[in-house]
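Student: please work out how this folds:
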Amino acid sequence: MHTHNNLYHKIYSYNNLLLAFKKARKGKTKKDYVIQFKYNLKENLLRLQERLLSETYKPRPLKRFIIRDPKTRVIHVSFFEDRIVHHALCNIIEPIFEKIFIHDSCASRKNKGNLFAVKRFNLFKRKASNNGKLISDIFDDNFVSGYCFKGDIKHYFYEVSHNILIKIIEKKIADEKVINLIKLILINGQEKEDIGMPLGNLTSQFFANVYLNELDYFVKHKLKAKYYIRYVDDFVILHNSKEQLTKWKEQIDAFLKEELKLELHKEKSKVISLSRGIDFIGFRNFYYYRLLRKRNIRKMLIKINQYKNKQITKEKILESYQGWQAYAKWADTYKLREKISEMLINT
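Tutor: Okay, the predicted model is just below:
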């Protein structure tokens with residue numbers, strides 16, 4: 001496998017840091033910390049460049065937040081300057097790994113995302129089943145054949161092994177200075193030694209794909225599963241044989257434990273009939289239709305209630321509504337969207 005060296009100077013080049021700044025400020029141009037950094041932009045970037053060049057750069061401690069939406073998660077937020085470094089790193093090394101990622105790894109990638117995953121699921125469910133039966137001019141999901149193994153990796157971001165991740169990265173990156181920078185980012189703010197990645201970092205999203213690319217290759221090339229889609233730590237495999245999927249489930253669990261020090265979530269990882277509908281990417285996917293998950297609806301209703309009680313601004317509720325509307329239209333939600341629109345108008 002071809003490895004890449006002499007990359008570090010590309011990371012700290014002024015043009016790359018400037019591009020990284022522009023990416024890091026996207027959607028946050030009115031934030032005080034962005035305005036302050038931009039006020040002396042060239043000086044700030046040159047100072048950061050010097051610390052990277054001399055290898056004296058040290059990331060600042062992460063800010064820690066707890067969110068409940070609906071499950072409780074700890075989100076870490078890096079300081080703005082550190083986010084610039086994250087973008088600068090990913091600008092250079094992400095294209096190297098992008099070439100080896102499988103087509104159906106859908107999260108945090110250009111021209112991919114959750115709607116791409118939905119479309120692929122829609123295609124695969126037809127290929128993995130007998131397309132259902134038409135009874136009295138009504139499509140009936142009860143007559144749909146085919147199964148789905150819905151996989152969920154337990155506590156994924158908290159259990160990623162730094163040592164294994166670095167070994168995977170070193171298959172492609174031979175520049176020791178780049179590796180040292182990655183190690184600095186990984187250990188920042190972690191409670192367990194050599195384990196875990198902070199939820200919220202751009203680098204964590206990228207490294208999540210690098211780490212589970214090993215699983216992708218195992219499923220696609222070792223197990224020869226045709227209809228496989230992964231979105232971060234959630235994945236599905238579709239097949240017309242329940243027995244085959246059950247066997248693959250056992251093999252995948254063994255691979256995760258032995259090679260990546262991870263394991264499947266026992267309660268959430270199941271082989272399910274396509275006729276029952278599959279929870280994936282925020283939708284409950286049936287054969288002939290698609291529903292929005294109740295928690296997605298509930299989140300929008302909470303936002304409307306917050307706006308009604310003057311807890312959020314009109315600008316914020318419109319931003320949330322537009323994003324929700326664009327997402328919800330991919331399900332059979334015409335009446336629901338009309339109702340939500342009416343509620344917003346009357347608030």
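Student: quick check, residue 235 in a strand?
Tutor: Yes - under DSSP: H, G, I helix; E, B strand; the rest coil, residue 235 sits within a strand.
Student: got the contact list for it?
Tutor: 150-151, 215, 219, 228-229 (Cβ atoms under 8 Å, 6 or more residues apart in numbering). Backbone N, C-alpha and C define where each C-beta goes, glycine included.
Student: closest one of the residues you listed to residue 295?
Tutor: Of all the contacts of residue 235, residue 295 sits closest to residue 150, with 16.7 Å by Cβ to Cβ.
Student: hang on, the earlier thing: now, the most widely separated pair of the contacts of residue 235?
Tutor: Largest separation among the contacts of residue 235 by Cβ to Cβ: 150 and 215, giving 14.7 Å.
Student: tell me how far residue 271 lies from residue 122.
Tutor: Relative to residue 122, residue 271 is positioned 20 Å away (criterion: Cβ to Cβ, to the nearest Å).
Student: higher neighbour count, these two?
Tutor: Neighbour count, other Cβ atoms under 10 Å: between residue 271 and residue 122, residue 271 has more, with 20 against 13.
Student: quick check: what element follows the one helix or strand the more buried one maps to along the chain?
Tutor: According to DSSP states H and E, residue 271 maps onto strand 270-273. Downstream of strand 270-273, the next assigned helix or strand under DSSP H and E is strand 278-280.
Student: for the next helix or strand after that following strand, which strands pair with it and how are they oriented?
Tutor: Where DSSP H and E defines the elements, the next helix or strand beyond strand 278-280 is strand 283-285. Counting by DSSP bridges, the strands paired with strand 283-285 are strand 278-280 (antiparallel), strand 290-292 (antiparallel).
Student: chain center to the last one: distance?
Tutor: Relative to its parent chain, strand 290-292 has a centroid offset of 20 Å by Cα atoms, centre = their mean, to the nearest Å.
Student: and the helix ranked longest in the chain, what does it pack against?
Tutor: Identified as the longest helix of the chain according to DSSP state H is helix 80-98. On a contact count with 3 or more Cβ pairs under 8 Å, 6 or more residues apart in numbering; DSSP states H and E, helix 80-98 meets helix 8-11, helix 14-24, helix 32-39, helix 41-53, helix 176-187, helix 202-217.
Student: which of the ones you listed sits closest to residue 193?
Tutor: Nearest to residue 193 among the helices and strands packed on helix 80-98 is helix 176-187 (8.2 Å), distances taken as Cβ to Cβ.
Student: could you check how far the closest one is from the centre of its chain?
Tutor: Its chain's C-alpha centre and that of helix 176-187 lie 22 Å apart, by Cα atoms, centre = their mean.
Student: least confident secondary structure element in this structure?
Tutor: strand 133-135 (a mean of 43; mean pLDDT, DSSP states H and E).
Student: give the contact list for residue 156.
Tutor: Residue 156 makes contacts with 208, 232-233, 262, as judged by Cβ under 8 Å, 6+ apart.
Student: can you put those residues in CSV and add neighbour count, distance to residue 95 and pLDDT?
Tutor: Formatted as CSV, the contacts of residue 156 follow (neighbours: other Cβ atoms under 10 Å; distance: Cβ to Cβ, whole Å; pLDDT from 0 to 100):
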residue, neighbour count, distance to residue 95, pLDDT
208, 23, 17, 97
232, 16, 20, 96
233, 21, 23, 96
262, 22, 26, 98
